[in-house]
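Chemist: Sequence and predicted structure are below.
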Amino acid sequence: MSAVVNQELLEAAVDRIADDNLTALRKKAVASFGNTGFPSVKNEDWRYTDLSPAAELSNIHLGTAEGTDSESQLTDSQIGDWIGDIDAHWIVLSNGIADARSSAALSALADAGVAITPLSENTESVQVTIDDPLTSFNASLLNDGLVIRVAENTKLDKPIGLLVLHNAASSSGMSQTRLVVEVGQNAVVQFVEMQVSAGDSPYFANSVMQLDLAAGAQADIVRMQSCNDEHIQISKVIAQINEDAVLQYATIDVGGHLVRSDIVANIVGARSRVEISGVFLADGRQHIDNHILTDHTVGPAKSIQNFRGIIGGRARCVFNGKAIVREGADGSDAEQTNHNLLISDTAEIDTKPELEIFADDVKCSHGATVGQLDKAAIFYLRSRGLSYEQATILLTRAFTGHILAQLPIDAVKNHVDKLVERKLDAMTETAAQ
Amino acid sequence: MSTMLEIKNLHASIGEIPILRGLSLSVGAGEVHAIMGPNGSGKSTLALVIAGHEDYKVTGGSVLFDGQDILDLEPEERARAGIFLGFQYPVEIPGVNNAYLLKAAVNAGRKNRGETEIDAFEFLKLAREKMSLLEMDPSFLNRGVNEGFSGGEKKRNEILQMAMLEPRLSILDETDSGLDIDALKAVAKGVNALRDPARSIILVTHYQRLLDYIEPDHVHVLSKGRIVKSGDKSLATELEERGYDWVQEAASA
């Protein structure tokens, strides 16, 4: 039987959180969540992704703790290992709250036009979304969150780094992260988001990012997820794209046990461009599900979805990329592609690029492929003296190389390459056994 | 003159279909041999069998390279030993950098010979030198292997690989097909630059045209999986004038 979140436990946990500016929001969210609970696999959008393990972990956690996670006790060298050589203004987040290590970055950013304040201090000015079960679950248990406001015309010297720590050091943990990002007119900002596990225990992280790009603004975001193999990661990004704005979002999943990412880009301004790309690498019994929606309400505007997956072991991945072009959104150009490489007989991908078009003057294309390595290419490389193993590794890397080469933030390329390489090494090693 | 390649009574099939049916050929060091013949005579099969393509099953005979049977060797072991196949249809490999492959290939050979790896500077210098000989733009180094190359560019790229690897035995499978006259001359220049008393070359070709630019020591006609006639370069001219029928008829008579 599939597990559901115990609403009484949840309400009790919410009641235990000390009253603050977010109390009203939590009460409203918990009531909203109670109407539905987590979506089941009967829901078309969740057909391939069963949230029972997340519900089970939630119940354990809600029954034993305040519903949230304590601040991590990590050393600077551990943090340094995760961040690697990425030069950014690093903010270390734990359960949605910036820890003391972030203070230098926060003040440097404040000077440069980026105000970062706790969500609890912004309840008047920020609308915290609770419009689906996971975002209302997130709001029910919010300790706090971050509001990041980038002033008009701001240009930063380097990206803003968000190191999101999941404190999986001891018993099963859970956290809710909420980020509200508002990028002012003609400002350009880059975010490097890194989701990591501190420890190897089971953990359920549920994060929501609300992103608003004002006219002419640009946000480049690279999200990397390399959590432990017991980790459950549910993420949602809801973005509003106004006229002449640009969103370039890339997501890299190499870790986690059960991973689901929803990215919704609402194109509400003409001449805007949204590019969402992703690489997912899964083996063992990993489950990685990407659900992407680009919703064109006005045109002309362009959206591109481009995802590539390499799946081995008994892993199962899902890609659902949808573009909606609403009535009157003439001049919309929507493109979706998903290519997958299966490196074991037991690996699985369910891929579904979808288009819903209600306007006349549009240009849309979509395509998906599932395949194995090209034998002719393997022979060609071997005939040049490369071993079979070298040839397969090279071709496997080349498969994702196309997306990795075009990551919107140069400063992360080296690090992402290493993450991907390490994962592929582990995958090819397992495959060879 | 020592024998580099000695093929004896070679039989090979693809699936259940026999293609090579008792082919024998001896290539001495420093020699250039041309293998001609009509479509379906087994020319490409011979090239692929020597290179070790797994789709072709050797059902009899032997192939000795430097006196050693190579039929049990993996394709990469044959390559590292100094055998090079220039493909009729070079494969496009997007995402694998041309320079990376060239360097990995050069180093695979060097490692096999107990030499140190080539350094980046030396590699680039060598690659540029060979590319200028083949009239190739250096920007090809940074592109995906054969990715988006025209037919002629692909063939030049094959010869570039050959020039970098300096193989002892090169088998060029219809390298001349689809080339315009300028590309043909450039390719011939690359091949001729590699002619050396220690290297042998087998040109698999349909037409005599290539042989105007790369002069062979021996010409063989392949028909139904066997060599049915051998001669010097004048045989190629005769084939050009009279076609293949007379040789095939004489062979089956």
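Modeler: Arrived safely, thanks for sending. Numbering: from 1, shown residues only, chains lettered A, B, ... in the order given.
Chemist: which residues in the chain form helices?
Modeler: No chain in the question, so chain A it is. With DSSP state H, the ranges of helices along chain A come out as A:7-16, A:23-36, A:52-64, A:76-83, A:103-112, A:133-140, A:375-382, A:388-404, A:413-432.
Chemist: oops, I was thinking of chain B
Modeler: Counting by DSSP H, one finds helices in chain B at the ranges B:43-51, B:75-81, B:98-112, B:120-133, B:151-165, B:181-193, B:233-242, B:245-252.
Chemist: Now do the buried residues in the lowest-mean-pLDDT helix or strand in chain B.
Modeler: When each helix and strand of chain B is scored by mean pLDDT, DSSP states H and E, helix B:245-252 comes last, with a mean of 78. Using 16 or more other CB atoms under 10 Å in any protein chain shown as the test for burial, helix B:245-252 gives B:247, B:248. C-beta: built from backbone N, CA, C; applies to glycine.
Chemist: distance of the spatially closest residue to residue A:402 that is not a sequence neighbour from residue A:88?
Modeler: Nearest residue to residue A:402 in three dimensions, chain neighbours excluded: residue B:95, at 5.5 Å (CB to CB, 6 or more residues apart in numbering or on different chains). Distance, residue B:95 to residue A:88, using CB to CB, to the nearest Å: 28 Å.
Chemist: so the residue nearest to residue A:402 sits right up against residue B:144, yeah?
Modeler: Yes. Between residue B:95 and residue B:144 there is a contact at 5.8 Å, judged by CB atoms under 8 Å.
Chemist: what is in contact with these two at once?
Modeler: residue A:398 (CB atoms under 8 Å, 6 or more residues apart in numbering or on different chains).
Chemist: for the helices of chain A, which one ends up most surrounded?
Modeler: For these, the largest average neighbour count (mean count of other CB atoms under 10 Å in any protein chain shown) is found in helix A:133-140, namely a mean of 24.
Chemist: Of all the residues in the stretch 151-253 of chain B, which one is nearest chain A?
Modeler: Using CB to the nearest CB, the closest approach of the stretch 151-253 of chain B to chain A is made by residue B:161 at 6.5 Å.
Chemist: Pretty sure that residue sits against residue B:102.
Modeler: Yes. If you go by CB under 8 Å, residue B:161 and residue B:102 touch, sitting 6.4 Å apart.
Chemist: With mean pLDDT and distance to residue B:171 as extra columns, can I get the helices of chain A in CSV?
Modeler: Listed next are the helices of chain A as CSV, based on pLDDT from 0 to 100; distance: least, CB to CB, whole Å:
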stretch, mean pLDDT, distance to residue B:171
helix A:7-16, 93, 72
helix A:23-36, 95, 68
helix A:52-64, 91, 57
helix A:76-83, 88, 51
helix A:103-112, 95, 61
helix A:133-140, 96, 61
helix A:375-382, 96, 14
helix A:388-404, 89, 20
helix A:413-432, 86, 31
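Chemist: so which of those comes closest to residue B:233?
Modeler: Closest to residue B:233 of the helices of chain A, according to CB to CB: helix A:375-382, at 31.3 Å.
Chemist: Name the residues that touch that closest one?
Modeler: A:388, A:390-392, A:394-395, B:52-54, B:74-76, B:79, B:87, B:90-91, B:93, B:96, B:101, B:145.
Chemist: Quick one, which of those are buried?
Modeler: A:391-392, A:394-395, B:52-53, B:75-76, B:79, B:87, B:90-91, B:93, B:96, B:101, B:145.
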